[in-house]
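*Asks:* compute the structure for the input listed below.
(chains A, B and C)
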Amino acid sequence: MMLRRVLLSPAGMIGLVTLLLIVGMAISAPYLFPKGPWALVARPYLWPGSRPGIPFGTDALGRDILAGVFYGSRVSLLVGIVATVCALVVGITVGAIAGYFGRVADAVLMRITDAFQTIPGFLFAVVLVSILSPSISTIIFAIATVSWPPVARLTRAEVLRVRESEYVQSCKIIGMSAPRIILTQVLPNSLSPVIVAAAVLVATAIITEAGLSFLGLGDPNVMSWGTLINIGRPSIRSTWFICIIPGLFVVLTVLALNLLGDAINDALNPHLRKR
Amino acid sequence: MRPINLIAGIGAMLCAAAAPIFHAQAEEPVKGGTVTFLMSPAPQILTSAITTAGAEQVVSSKISDSLFTYDFDLNPKPLLAKSYEVSEDGKRVTFHLREGVKWHDGEEFTSEDVAFTTMEVWKVLHGRGRTIFGNVEKVETPDKYTAVFVLSRPSPGMLKSLAAQQAQILPAHLYKGTDILTNPANLKPVGTGPFRVVSFTPGDNLVLERNPDYWDEGKPYIDKLVFRFIPDAATRSAALEAGEAQIAPQNLVPMVDLERLQATGEFEVTTKGYEFQNEMEMIEFNLDDPVMKDIRVRQAIAHAIDKDWIVDNIFFGYGISAKTPLHPQLTELYDASDVPQYDYDPEKAKALLEEAGYKPDANGTRLKLVVDPLPYGEHQNHVAAYMREAFREVGIDLEVRAQDFAGFVKRVYTDRDFQFTVNLLTGGSDPTIGTQRTFWTPSFKPGVGFSNGSHYSNPKMDEILESAAAEMDAAKRKALYHDFQKLAMEDLPVLPLTAVESTTIANKRLKNHTIDANGTYSNFANVYLEPAQ
Amino acid sequence: MDRQFWTYLGWRVLQSLVIIAIVIVGSFLLLHLVPGDMVDVLGGQRGDMDAELMATLRERYGLDQPVLVQLLNYVGSVLQGDLGYSYRNATDVLSLVLQRLPATILLVVCSVITAVFFGTMAGVIAARHAHRPIDVIISMIVLVFYATPIFLTGLGLVIVFSVKLKLLPIGGLITPGVDFSFLELVGDVALHLILPVFSLSLFYIAIYARLARASMLQVLDQDYIRTAYAKGLSTYNVIIGHALRNALLPVVTMVGLQIAELFGGAVLTETIFSLPGVGRLAYDAVFERDYPLILGVLLVCAFIIIVVNLIIDIIYTLLDPRVEISR
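*Replies:* Here you go, the predicted structure:
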């Protein structure tokens, strides 16, 4: 039902198809490039199109950028999705507890959330990744750490709204336990804006990962789009393609996720779409 | 190579042929102008007397002179010292100082300054000075212009180390009796050099102006010297290209850009002026590690690496495939004859691993190793990434570990929780200054960065190094260091990969920026800028 | 103002102090839970430092004490306005940060103004022409702005405007080594800021454009706008005089929420454009493990952001009496 509405909007359609193509790249990478993204295939800094079979050229060590982009899609998507899931779990938990119980729990949790929101997110991620040593897990951890507060706020606001509703009140009266009320009654009725936010969170996470790698804080054992961007960054004046090609894939993915997010939002709130 | 390079090459040859005529005509230095010099990282303080950090050395050498500068073969040339003599037993070194040299605040420069800086600054607070001047017992000052270094044992290496980058003289009248590390003059330096500080914006720029009272009359030629500290490599190369800066030393411009900038005809690249650094890209094996302890594994690793590939593809030809731990630029001591070599030979590497008991599993993997590349610049990471691919061929599954500088130093030199590194080690103008610490038993000091990280200990090696350090006879010294090179490559506690040639790129209008071994670390008194046409 | 307002203000200030306390304790503990301290870095950079000297330095900087004692010492000195000493820069942290702050504040303020101005403009235009080609085109452009990472925009702008066209400086805030008059200085700084401001604000232009469009659509639907039209006011008057004023409220809220993000984005912008701001200072400090400096930057940023949000809250309450003052 909702999916149909999403697909009916051209933006949602474009977003979904693009995203599926990128997921397809991620899945097909090991079959198309069995030697992996790190194999040295030709001389370094080979220009795109200058040799058949290496359409995107090679990077600073002679690795195939096309292979890098394919494998990179796996990592960038992985980072985006896992970091978002972590942020959602933490954010929803904090937001639900704060919103449902209110009073002290609310005050304490919201001040902590405030504290996280007053530290510039990207700067905090830079500090976290660098002191914990850059690796795929520390990067995911850092991104999740800086992205949960908005989720918590959003969830809290929704929970506050739902908390006072009659059905929640009646659950309380019949003596249902708080966790059960939250899980079965409150959350299912308050999560739809959070779901929309999730698409944007994935996009932001992918941009953040690329930004961290750009600053040299990527995982050297994992080929992500950010890794390629970082490899190409010093030589961007001469061999800009190493940076720009994966950069375009970041832009494309983020665009697709936003189009999809918008479409889902419209599908969930059809009244906004009326005009 | 693409055809365009061939044409450029011919052009360069023609220019070279025409050069002597050109030089004969126009060598009258032009006065005036502002030169902008690109640096990164930024210096934190403006003296190098208490630190070995490169940025501090580059900027402060313009502000304060040293006793000597050195020609390309590392022979001393007079600066603040006019001449020197060494006693027969090598234990007394007398320096005759230049007269009438004034500090920027008008005080006279005397032997007192030399004595103070040697005994209370270099010997105590300077990273390498503690080693270089370790044998100095006292400095006698019979008169204002004579300083006599009294040594406990001969230290021929010391005379190679009196340039501003590691032996900068501080004004005793401002430092004596103060806490030297926090003295305000560290940020507002008073020197004897050709330039004075106008303003310093930490992390961004440093503006110097001509010192009109410089002892070498008529110099310096340029009016202003501006340092800009730009952290991003692409921005540095863009700044040169846009004409906002004239010079960038120390490989600060990516190698792939060097080729392109040279092709514009506006820039020239030199690898001279780094005879002091002699940087070596090396693998340090942790001999305390059960796997690396086995020399067959170390030899296998040596055979699995194509050093020429590294030179060609990572250093873009700006380096020499290393045959010994010494840099070939150290012409007096370098000797690779009869030194054991480990040529690129994957089959041999596999055989050695087989012999060491590492059989391939179903995936062809014989053993898993972890490498820690030094997080400084990108070359070490590239070498590690190359090794990961090259090692796969011989059945070694290599993981590259990333960490920041502090993490690396702690892991390798304090916790000793590593298998092998890819490191960039400064060899120095004499092996006693740099190379020795990597091989000498007493320099195994957990907690001390860039000490004997392999924990290599061979009494024979210690004996060679100790005799060579005190040997006054040049031929005997050379023979001792030849033994050192042979033994080092036989025991293989470290594997030298590349003798790095650092590059300086400068606008062709900028003259005399590299006239001796100190290169861009020299005082720039002779630098001038031809006006743009 | 009435008592209710002052109670609210007092409450908000108290809240802010609690947040600052959480930031101090949290970041201090975080930075002390990781391997490798300042002395390890110094040891590495100096090349040769023995265990004894390292122990002396640790003692001197108080690094040999238990973490809790260090924390108490730190909090104590922060309360006295002392953010500690940066050993690497041989200067006290507060003066370092204050020295770098103007560049960042200039960058962030200019970016906010640019983003709000262009974003709202684009949003209003789009809303006026909702679901017509202009709207679709603006939405698409805005979406591309939104999806492009700051560093790609920054690098692209430098290549085009500084290297190829040589119109604008590569980086920095002021051309060093030139004696400027005041007006020349302002002009010079403005030239240096154009590219960084645009690369930092593009992303936020997108955000404000979408926000302004949405809230504009909502406002245009309201009765009082219909009334205004009915009264025969021109479209321009209706949009600027009535609709925009109300549609701007969510934009103001957003600015408060985004300030922290802008400071984060400044790290990238300042790195690309070599701006001497706190973002770059923090980035350098991170790589040098200069804990007091990292802490100092985080703290000062948090402080500014809290104060800005406090001010925005107050303005908001004053502007919009409909906002209910809770507690």
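*Asks:* please make it C-alpha for all contacts and neighbour counts, starting now.
*Replies:* Fine.
*Asks:* so which bits of chain B are right by chain C?
*Replies:* The interface of chain B toward chain C, taken as CA under 8 Å from any CA of the partner chain, is made up of B:44-45, B:51-53, B:126-128, B:182, B:203-207, B:224, B:226, B:229-232, B:235, B:238-239, B:241-242, B:404-407, B:409-410, B:445-451.
*Asks:* burial measure for B:Pro290, as a count.
*Replies:* Neighbour count of B:Pro290, defined by other CA atoms under 10 Å in any protein chain shown: 9.
*Asks:* same question for B:Glu217.
*Replies:* 9.
*Asks:* quick check, it in a helix?
*Replies:* No: assigned with DSSP: H, G, I helix; E, B strand; the rest coil, B:Glu217 falls outside any helix and is coil.
*Asks:* look up how far chain C lies from it.
*Replies:* 24 Å (CA to the nearest CA, to the nearest Å).
*Asks:* and residue 217, what is it in contact with?
*Replies:* Went with chain A since none was named. Residues near A:Leu217 by CA atoms under 8 Å, 6 or more residues apart in numbering or on different chains: A:Val126, A:Val129, A:Ser130, A:Pro134.
*Asks:* wrong one, I was asking about chain C
*Replies:* C:Leu217 neighbours (CA under 8 Å, 6+ apart): C:Ala127.
*Asks:* near chain B at all, stretch A:46-64?
*Replies:* Yes: contact between stretch A:46-64 and chain B, assessed by CA under 8 Å from any CA, occurs at A:Ala60, A:Leu61.
*Asks:* what residues of that stretch count as buried?
*Replies:* Residues of stretch A:46-64 classed as buried: A:46-48, A:54, A:56-64 (neighbour count, 16 or more other CA atoms under 10 Å in any protein chain shown).
*Asks:* next one, pLDDT for residue 71 please.
*Replies:* Assuming you mean chain A. At A:Tyr71, the pLDDT value in this model is 93.
*Asks:* please go with chain C instead
*Replies:* pLDDT, C:Leu71: 85.
*Asks:* where does the stretch 51-200 of chain C have low pLDDT?
*Replies:* The stretch 51-200 of chain C contains residues with pLDDT under 70 at C:51.
*Asks:* which SSE is the most centrally placed residue in chain A in?
*Replies:* Centroid check for chain A by CA atoms, centre = their mean gives A:Val202 as the closest residue, at 1.7 Å. Element membership for A:Val202 (DSSP states H and E) is helix A:192-214.
*Asks:* and that helix, how far out from the chain's middle?
*Replies:* How far helix A:192-214 lies from its chain's middle: 3 Å, per CA atoms, centre = their mean, to the nearest Å.
*Asks:* ok, now stretch C:159-176?
*Replies:* Distance, centroid of stretch C:159-176 to centroid of chain: 23 Å (CA atoms, centre = their mean).
*Asks:* how about that stretch: buried residues?
*Replies:* C:Ile159, C:Ser162, C:Val163, C:Leu168, C:Pro169, C:Ile170, C:Gly171, C:Gly172, C:Leu173, C:Ile174, C:Thr175, C:Pro176.
*Asks:* how about that stretch against chain B, any contact?
*Replies:* Yes: using CA under 8 Å from any CA, stretch C:159-176 reaches chain B at C:Ile159, C:Ser162, C:Val163, C:Lys166, C:Ile170, C:Gly171, C:Gly172, C:Pro176.
*Asks:* okay if I get those residues as a markdown table plus secondary structure?
*Replies:* A markdown table is the format used below for the residues of stretch C:159-176 next to chain B (three-state DSSP):
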| residue | secondary structure |
| --- | --- |
| C:Ile159 | helix |
| C:Ser162 | helix |
| C:Val163 | helix |
| C:Lys166 | coil |
| C:Ile170 | coil |
| C:Gly171 | coil |
| C:Gly172 | coil |
| C:Pro176 | coil |
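*Asks:* now distance to B:Lys293 too, for the residues you listed, in CSV please.
*Replies:* Listed next are these as CSV, based on distance: CA to CA, whole Å:
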residue, distance to B:Lys293
C:Ile159, 51
C:Ser162, 54
C:Val163, 52
C:Lys166, 57
C:Ile170, 51
C:Gly171, 50
C:Gly172, 50
C:Pro176, 54
